[in-house]
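Peer 1: Output the structure for:
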Amino acid sequence: MKKSRNIKVDSPVKLIFVGGFLGSGKTTALAGIAKRLLGLGKRVGIVTNDQSDNLADTVIVREMLGELGVPIEEVVAGCFCCKFEELIDNIEKILVHKPDILLGEPVGSCTDFVAAVANPIKIHYHEAFRFAPFSTMVDPDRVRELLLAETESNFPEEVAYLFGKQLEEADILVLNKIDLIPEAEIERLVFVLTERYPEKEILTISARDDVGLDKWLEILLSGRPGANTVLSQIDYDRYARAEAVLGWLNGAIRVSSDRLFAADEFVRELFFELRESFKREKGEIGHLKSVFTSGGKSLWVNLTNLSSDPVVSGGSLAKLSKGSLILNARVQLSPKLLEKIVRDVLAAVAETYEVKAEIDDLQCFSPAYPNPPHMVRESLDSVGKRVGESS
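Peer 2: The predicted structure follows:
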């Protein structure tokens, strides 16, 4: 580790980090938490994270919170664990605004956060920060698919392993998207999670419908120390294979037309056609998301598996002649095939809608082997001492 920096704050800044698998709803949930904190008079900052530039999540958060004066930074080209110094760089940028609370969202394929991020911060910067309980956001579909193996999955075993490790290191498991499942199924999944992880707090929320966030925030602000559950064992080869099985694509696209067109219809059709192309190749979707921006307004679209339909959120962009599209895809395909499909489908849908779609930037790759520079595999208290160690 580089020499610890001299980070000075008036009082320790609370760190609220929320992990969870791709498409679990972390961004929407954190935006809801941030708005509540602002309503309580707290100063808030946010750090997002991705394996590459052109991250839809950052655009979405800025759209939701930017006009409220929330400083937002992002760590790219690797997870928080592997880009620890860059994370501290971005935290320092936010500290200029004197936040009371800093929110962070690790990339959706990240695990081992406590050993690689939380513990090094506790040891080297305990005077500046205090961790709230570490939450892992959970999608009901992924519980059935990756934890219980009740539904068919095209993902290999390593992805289920990664998902399980994300749940294992949480202080709080937050079952999201309860608006999409019956009450009886909510109760069943809570029972299953409680049985599997009896030491963890299990909460249920709908980030989209703004349900259950008050109780969650109450726990986060309770003063209870967090990020204490260190993974006792993790096979980094299996972890790396889980990440590498996905092709990652981030693209920035300019869309224009000589006539007015409906951006929401254009993007929805793009997602339908991409889904069908991925289906033909048996390429399971980790997360497909986009943000279309025009005239200061944005809409965003999400798709989290091959059997679902795209979900459109944000404002209506019905009649316009140009805009910008950020497209992020995490799909179980080789990067080469994923890029070809995206380029071909984009061209075909653009032709159908009589628009010009010009790619300004497109990166497609598989994540590198995770290699965190720091690793402290011990349970530490809020000031970096081993749990049970005397002062």
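Peer 1: okay, CA-based contacts and neighbour counts for the rest of this
Peer 2: OK.
Peer 1: Could you tell me which ranges of the stretch 201-350 of the chain sit under the pLDDT cut-off?
Peer 2: By pLDDT under 70, the stretch 201-350 of the chain has no low-scoring segment.
Peer 1: can you give me the strands in it?
Peer 2: 201-204, 247-261, 285-294, 297-303, 311-314, 320-331 (DSSP state E, counting those that start in this stretch).
Peer 1: and the last one, what does it pack onto?
Peer 2: Applying 3 or more C-alpha pairs under 8 Å, 6 or more residues apart in numbering; DSSP states H and E, one finds that strand 320-331 contacts helix 56-65, strand 247-261, strand 285-294.
Peer 1: If we use 10 Å, what do you get?
Peer 2: helix 56-65, strand 247-261, helix 263-280, strand 285-294, strand 297-303, helix 335-352, strand 356-365 (3 or more C-alpha pairs under 10 Å, 6 or more residues apart in numbering; DSSP states H and E).
Peer 1: Pull the distance from the third one to the chain's centre.
Peer 2: Once both centres are worked out by C-alpha atoms, centre = their mean, to the nearest Å, helix 263-280 turns out to sit 22 Å from its chain's centre.
Peer 1: give the contact list for the nearest residue to F155 once chain neighbours are set aside.
Peer 2: Sequence neighbours aside, E284 is the residue nearest to F155 in space, at 6.6 Å (criterion: C-alpha to C-alpha, 6 or more residues apart in numbering). Residues near E284 by C-alpha atoms under 10 Å, 6 or more residues apart in numbering: 153-155, 246, 275, 278, 304-307, 330-333.
Peer 1: now, the most widely separated pair of these?
Peer 2: Using C-alpha to C-alpha, the pair of these lying farthest apart is L246 and S307, separated by 17.9 Å.
Peer 1: what about these two, which has more around it?
Peer 2: Remark: of L246 and S307, L246 carries more neighbours, 26 against 12, as counted by other C-alpha atoms under 10 Å.
Peer 1: Please enumerate the helices of the stretch 101-250 of the chain.
Peer 2: 113, 119-124, 140-142, 157-168, 183-196, 213-220, 236-244 (DSSP state H, counting those that start in this stretch).
Peer 1: Return the angle between stretch directions for the longest one and helix 157-168.
Peer 2: Per axes from the mean of the first three to the mean of the last three C-alpha atoms, to 10 degrees, the angle that helix 183-196 makes with helix 157-168 is 80 degrees.
Peer 1: average pLDDT for helix 183-196?
Peer 2: Mean per-residue pLDDT for helix 183-196: 99.
Peer 1: now the fourth one
Peer 2: The predicted model gives helix 157-168 an average pLDDT of 98.
Peer 1: and that helix with helix 236-244, angle?
Peer 2: Using the same axes, to 10 degrees: helix 157-168 against helix 236-244 is 100 degrees.
Peer 1: Just list what helix 157-168 packs against, helices and strands only.
Peer 2: Counting by 3+ C-alpha pairs under 10 Å, 6+ apart, helix 157-168 packs on strand 13-20, strand 135-138, strand 172-175, helix 183-196, helix 236-244.
Peer 1: buried residues in that helix?
Peer 2: Within helix 157-168, the residues scored as buried using 16 or more other C-alpha atoms under 10 Å are 158-168.
Peer 1: Just give me the closest of the contacts of E284 to V59.
Peer 2: Once C-alpha to C-alpha is applied, the member of the contacts of E284 that ends up nearest V59 is R330, at 17.4 Å.
Peer 1: So what sits opposite the closest one in the bridge?
Peer 2: W248, H287 (DSSP bridges).
Peer 1: Please look at K122 and K14 and confirm they touch.
Peer 2: No. In terms of C-alpha atoms under 10 Å, K122 does not count as a neighbour of K14; the distance is 11.9 Å.
Peer 1: anything in contact with each of the two?
Peer 2: 128-131.
Peer 1: I'd like those written out as a markdown table, with neighbour count added.
Peer 2: A markdown table is the format used below for the shared contacts of K122 and K14 (neighbours: other C-alpha atoms under 10 Å):
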| residue | neighbour count |
| --- | --- |
| A128 | 18 |
| F129 | 22 |
| R130 | 26 |
| F131 | 28 |
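Peer 1: Would you reformat those residues as CSV and include distance to V267 and pLDDT?
Peer 2: As requested, those are arranged in CSV below (distance: C-alpha to C-alpha, whole Å; pLDDT from 0 to 100):
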residue, distance to V267, pLDDT
A128, 43, 97
F129, 41, 98
R130, 41, 98
F131, 39, 98
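Peer 1: Got the domain ranges for the chain?
Peer 2: Per automatic domain parsing, the structural domains of the chain span 13-242, 247-365.
Peer 1: To P372, which of those domains lies closest?
Peer 2: Closest among the domains of the chain, using C-alpha to C-alpha: domain 13-242, at 4.2 Å.
Peer 1: And the closest one, end to end?
Peer 2: 34 Å (C-alpha to C-alpha, to the nearest Å).
Peer 1: One more: stretch 328-341?
Peer 2: First-to-last residue span, stretch 328-341, C-alpha to C-alpha: 13 Å.
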